[in-house]
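Novice: Starting from these lines, generate the structure:
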Amino acid sequence: MWLPKDERKLIRYYYNEIGKINDIEMRKVFTLEDLIKAIGKKERPQSQKALIEDYSEVEVLNTLLSKRGLIAWEEYKADGDGKWAINMYAEQTDNPNLNKKLKYLITLTIAGYDLGRKYNSWWSRSGLRFAEYKDHWFWLILGFLGGIIGALIVNWLSSLFTKSPMC
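Specialist: Alright, predicted model coming up:
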């Protein structure tokens, strides 16, 4: 399965972080800040608007990975109050560590673990891309070889029917 760039980065990050734990459940708590860094976004001032954009981007990526059956996720609060939303912190825009309070409990499924392992290796990752676009690559390579063979045949036939000035 070939995923879009941000999803690839995120599933590879989950594999690297959760795979190190080596426990049966394959789950870990991540902060919003960790996930933003994992997908390659630059740090920016934590205004309410930037926080909401980061939060929604991570939520969309996690939802897409969850719909594909690669992860299970939920928002997590360490003090045990259960799920909560970004609106609780909307007034605290002056707090520089705001995104460290937003946490996610991520559980890798077996399919997610396997795909993360494949994306972690360059060789396996290129094989995934080839498997996804195998028909495209097949016809592209066949057309390229056909063009070379056609040019050689045209050269050979033109040399048969034209007299060289040396004769």
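Novice: Could you check how far Ile149 is from Gly143?
Specialist: 11 Å (CB to CB, to the nearest Å). Glycine gets a C-beta too; all of them are placed from N, C-alpha and C.
Novice: scratch that, Trp123
Specialist: When Trp123 is compared with Gly143 (using CB to CB), they lie 26 Å apart.
Novice: Repeat that for Met26.
Specialist: Per CB to CB, Met26 is found 44 Å from Gly143.
Novice: the more surrounded of these two?
Specialist: Shown here are Met26 and Gly143; by other CB atoms under 10 Å, Met26 has more neighbours (21 against 10).
Novice: Just give me the neighbour total for the residue nearest to the more buried one when sequence neighbours are not counted.
Specialist: Nearest residue to Met26 in three dimensions, chain neighbours excluded: Leu108, at 4.5 Å (CB to CB, 6 or more residues apart in numbering). Leu108 has 25 neighbours, counted by other CB under 10 Å.
Novice: Look up phi and psi at Leu108.
Specialist: phi -80, psi 130 (degrees, to the nearest 10).
Novice: who touches it in this structure?
Specialist: Counting by CB atoms under 8 Å, 6 or more residues apart in numbering, Leu108 makes contact with Tyr14, Tyr15, Ile18, Met26, Arg27, Leu70, Ile71, Gly116.
Novice: That one and Lys37: what is the separation?
Specialist: From Leu108 to Lys37 the distance is 19 Å (CB to CB).
Novice: thinking again about what came up before, make TSV from the contacts of Leu108 and add secondary structure and distance to Thr162 to it.
Specialist: Below are those laid out as TSV (DSSP: H, G, I helix; E, B strand; the rest coil; distance: CB to CB, whole Å):
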residue	secondary structure	distance to Thr162
Tyr14	helix	65
Tyr15	helix	63
Ile18	helix	69
Met26	coil	71
Arg27	strand	74
Leu70	coil	63
Ile71	strand	67
Gly116	helix	61
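Novice: going on from the helix or strand of the chain with the lowest mean pLDDT, what's the next piece of helix or strand?
Specialist: Using mean pLDDT, DSSP states H and E, the weakest-scoring helix or strand in the chain turns out to be helix 122-132, at a mean of 70. Beyond helix 122-132 on the C-terminal side, the first helix or strand identified by DSSP states H and E is helix 134-161.
Novice: Put the buried members of the contacts of Leu108 into a PyMOL selection.
Specialist: Listed next is the PyMOL selection for buried residues among the contacts of Leu108, using 16 or more other CB atoms under 10 Å:
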select buried, resi 14+15+18+26+27+70+71+116
